[in-house]
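Asks: Here is a sequence with its predicted model. Questions after.
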Amino acid sequence: MSRIGKKPLVIPKEVKIEVNDGVVSVTGPKGNLKYSLSYRISIEIKDGQLFLKRASDSKPDKSLHGLSRALISNMIKGVTEGYVKELEIIGVGFKAQVAANKLTMQLGFSHPVIFHIPEGIKIEAPKPTQVVIRGIDKEKVGEIASEIRAVYPPEPYKGKGVRYSGEYVKKKVGKAQATASK
């Protein structure tokens, strides 16, 4: 738990980190993210590196130590590179398109499924059967991808549905036909 927290974070030159009253603000070329740090964790910045220190060696403090370091690391990566999740839509007649801040999907229902794109997230559909979600906040990108996938998760018999790119869906064998030898 605490081994992650002990590792120093290297701060890239294009990233600026500020700590005010327990709020860590990370600013980079792609945007700005904030995180409220626990009062049990303190931050020290020196020589282009960020060090986190915990108040004691209790189990909750060790857990918070590693968590805080991982979240700040994700924030640094988000404001420099960003995060991407890709979804595939599999099924006959299943497709998606983005227009006017809305993702519209035809998934075999009697109506199109409309998903409103939240602020800070970019969704594009380079192909009708592919959806790409981009953003600087790792948690938000993953949550949006999960919500879109939950509309029609891949089913195990034909494999139809929305799945993550590269996700393997184990297919089941359907019912065997009854023998006609009666």
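Replies: That came in fine, so what should we check first? Residues are numbered from 1 along each chain as shown.
Asks: I'd like to know which helix or strand in the protein has the lowest mean pLDDT.
Replies: Every helix and strand in the chain was compared by mean pLDDT, DSSP states H and E; the lowest is helix 2-6, with a mean of 80.
Asks: what does it rub up against?
Replies: Residues from elsewhere that reach helix 2-6 (Cβ atoms under 8 Å, 6 or more residues apart in numbering): 52, 54, 57, 62, 65-66, 68-70. All C-beta spots, glycine's among them, are computed from the backbone N, C-alpha and C.
Asks: at 10 Å instead, please
Replies: With contacts defined as Cβ atoms under 10 Å, 6 or more residues apart in numbering, helix 2-6 is touched by 41, 51-54, 57, 59, 61-70, 73.
Asks: what packs against the longest strand seen in the chain?
Replies: Using DSSP state E to define each element, the chain has its longest strand at strand 83-90. Using 3 or more Cβ pairs under 10 Å, 6 or more residues apart in numbering; DSSP states H and E as the contact criterion, the secondary-structure elements in contact with strand 83-90 are strand 95-99, strand 102-106, strand 121-124, strand 130-135, helix 138-151, strand 161-164.
Asks: Partner strands of that strand and their direction?
Replies: Strand pairing for strand 83-90, using DSSP bridges, gives strand 130-135 (antiparallel), strand 161-164 (antiparallel).
Asks: How far off centre is that strand?
Replies: When distances are taken as Cα atoms, centre = their mean, to the nearest Å, strand 83-90 is centred 11 Å away from the chain's centroid.
Asks: and it with strand 95-99, angle?
Replies: Strand 83-90 and strand 95-99 are oriented at 130 degrees to each other (axes from the mean of the first three to the mean of the last three Cα atoms, to 10 degrees).
Asks: Show me what counts as buried in strand 83-90.
Replies: In terms of neighbour count (16 or more other Cβ atoms under 10 Å), strand 83-90 has its buried residues at 83, 85, 87-90.
Asks: Cheers, nothing more for now.
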